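Student: how would this look folded up:
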Amino acid sequence: MYISVMLILLGGVLCFSAPGQFVYTVILAVGFHLRVVFGEEPLLARKYGKEWEHYSSPVPRWFY
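Tutor: Take a look at the predicted model:
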């Protein structure tokens, strides 16, 4: 969902030549990344423990 939102915004940047929207999209991407890394991942690690460690070790992060 996060990637979809960013792609929609980037599509608007390309269609309408909106540099301000590009800056907004970059800021939003950083915010999403911080939310996932510092919010969702620790929550899942606490909730699922060893299962989360086993799952997340071979699986890449949400974006990169």
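
Student: Count the neighbours of Thr25 for me.
Tutor: Neighbourhood size, Thr25 [other C-beta atoms under 10 Å]: 19. Using the backbone N, CA and C atoms, a C-beta is placed for each residue, glycine as well.

Student: State the pLDDT value of it.
Tutor: Per-residue pLDDT puts Thr25 at 96.

Student: ok, it - contacts?
Tutor: Thr25 is in contact with 6, 9-10, 13, counting by C-beta atoms under 8 Å, 6 or more residues apart in numbering.

Student: how close does the spatially closest residue to it that is not a sequence neighbour get to Phe38?
Tutor: Distance criterion C-beta to C-beta, 6 or more residues apart in numbering; nearest residue to Thr25, sequence neighbours excluded, is Leu9 at 4.3 Å. Counting by C-beta to C-beta, to the nearest Å, the separation of Leu9 from Phe38 is 22 Å.
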